[in-house]
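**Q** Quick check, what structure comes out for this input:
(one chain, ligands or ions: 1)
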Amino acid sequence: MSDTILKVSGLKVAYGGIKAVKGIDLEVGKGELVTLIGANGAGKTTTLKAITGTLPACSVEGVISYMGTPLTGVHSFQMVEKKLAMVPEGRGVFTRMTIHENLLMGAYTRNDKAGIDADIEKWFSVFPRLKERAAAMAGTLSGGEQQMLAMARALMSHPNLLLLDEPSMGLSPIMVEKIFEVIRDVSKQGITILLVEQNAKLALEAAHRGYVMDSGAIIMTGNASDMLHDPRVQAAYLGE
Ligand code: ATP
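**A** All right, here's what the predicted structure looks like:
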């Protein structure tokens, strides 16, 4: 694939004796929205954590390259400087900072004040609820509002690659719809996305390509719309 943003080759991760990821390969091309789906415990979050270098002491093998260079040895705090942004499961907003301050933190590698202010206004227009609560502590937001804030904060860094871990987790159906609308919009703007989701239907409907992970291995990959119509995917992941 030309213009590969992320390439994972032979990734293995073990937590002590537990082999969570068993030698997977995956690729995300420039401008693609790729989803990694699979049941609870399949190894999806571990894969994202290996990419961002946020795993606790455990063994990681294989090669992860981002925009042509290996990510090995790059600390998680350096990821934003490399324009790689992650919205973790559980959102990870700064609960004791205001919503406005959280958005500013997302832009800490930038120094174009006018551009930063314009981006904050843009995200406030996408998520009016965040504007209403701009001066409130992020910890007072609902789960769905925190998810919105976490996504907006990640996008404030103008990432080349956005990693999303279970953005629909624990949200009301209306909130899930809103979050996926934003994911599709962000993708249409050309931002490359790797989306980990348990909601396989929504994820495959939004994505260009998909990977199915099961017990630490990739068991299927393909075009997302083909996968949506694949009887094996329908039976195992779409409840059909
Ligand atoms: P979920 O949707 O529940 O997050 P997942 O597909 O993201 O599932 P992982 O969280 O990556 O799966 O977990 C993969 C395997 O690794 C599971 O068997 C899990 O119990 C195990 N595991 C995850 N984190 C740890 C850890 N810190 N220590 C030991 N085992 C772990």
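
**Q** who in this protein is up against the ligand?
**A** Proximity of the chain to the ligand (C-beta under 6 Å from any ligand atom) is limited to residues 15, 18, 20, 38, 40-46, 56, 198. Glycine gets a C-beta too; all of them are placed from N, C-alpha and C.

**Q** got JSON lines for these, with pLDDT, secondary structure and neighbour count too?
**A** As requested, those are exported to JSON lines (pLDDT from 0 to 100; DSSP: H, G, I helix; E, B strand; the rest coil; neighbours: other C-beta atoms under 10 Å):
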{"residue": "Y15", "pLDDT": "91", "secondary structure": "strand", "neighbour count": "14"}
{"residue": "I18", "pLDDT": "90", "secondary structure": "strand", "neighbour count": "10"}
{"residue": "A20", "pLDDT": "95", "secondary structure": "strand", "neighbour count": "21"}
{"residue": "G38", "pLDDT": "93", "secondary structure": "coil", "neighbour count": "25"}
{"residue": "N40", "pLDDT": "88", "secondary structure": "coil", "neighbour count": "7"}
{"residue": "G41", "pLDDT": "91", "secondary structure": "coil", "neighbour count": "12"}
{"residue": "A42", "pLDDT": "94", "secondary structure": "coil", "neighbour count": "23"}
{"residue": "G43", "pLDDT": "96", "secondary structure": "coil", "neighbour count": "23"}
{"residue": "K44", "pLDDT": "96", "secondary structure": "helix", "neighbour count": "24"}
{"residue": "T45", "pLDDT": "94", "secondary structure": "helix", "neighbour count": "17"}
{"residue": "T46", "pLDDT": "95", "secondary structure": "helix", "neighbour count": "22"}
{"residue": "P56", "pLDDT": "73", "secondary structure": "coil", "neighbour count": "6"}
{"residue": "Q198", "pLDDT": "88", "secondary structure": "coil", "neighbour count": "16"}
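
**Q** Farthest pair within those?
**A** With C-beta to C-beta as the measure, no two of the residues of the chain next to the ligand lie farther apart than P56 and Q198, at 22.7 Å.

**Q** tell me, what residue is most central in the chain?
**A** The centroid of the chain falls nearest to L164 when counting by C-alpha atoms, centre = their mean (1.3 Å).

**Q** Look at that one and give its secondary structure.
**A** Look at L164: counting by DSSP: H, G, I helix; E, B strand; the rest coil, its state is strand.

**Q** what residues are up against it?
**A** By C-beta atoms under 8 Å, 6 or more residues apart in numbering, L164 lies in contact with 86-87, 151, 183, 193-197.

**Q** Helices - which of those residues land there?
**A** Assigned to helices by DSSP state H, the following of those qualify: 151, 183.

**Q** Which ones among the contacts of L164 lie within strands?
**A** 86-87, 193-197 (DSSP state E).

**Q** Turn these into TSV, columns for pLDDT and neighbour count.
**A** Below are the ones in strands among the contacts of L164 laid out as TSV (pLDDT from 0 to 100; neighbours: other C-beta atoms under 10 Å):
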residue	pLDDT	neighbour count
M86	90	22
V87	91	24
I193	98	23
L194	98	26
L195	98	25
V196	97	23
E197	94	25
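
**Q** Just put the residues you listed in CSV and tack on distance to K7.
**A** CSV is the format used below for these (distance: C-beta to C-beta, whole Å):
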residue, distance to K7
M86, 17
V87, 21
I193, 16
L194, 12
L195, 17
V196, 17
E197, 21
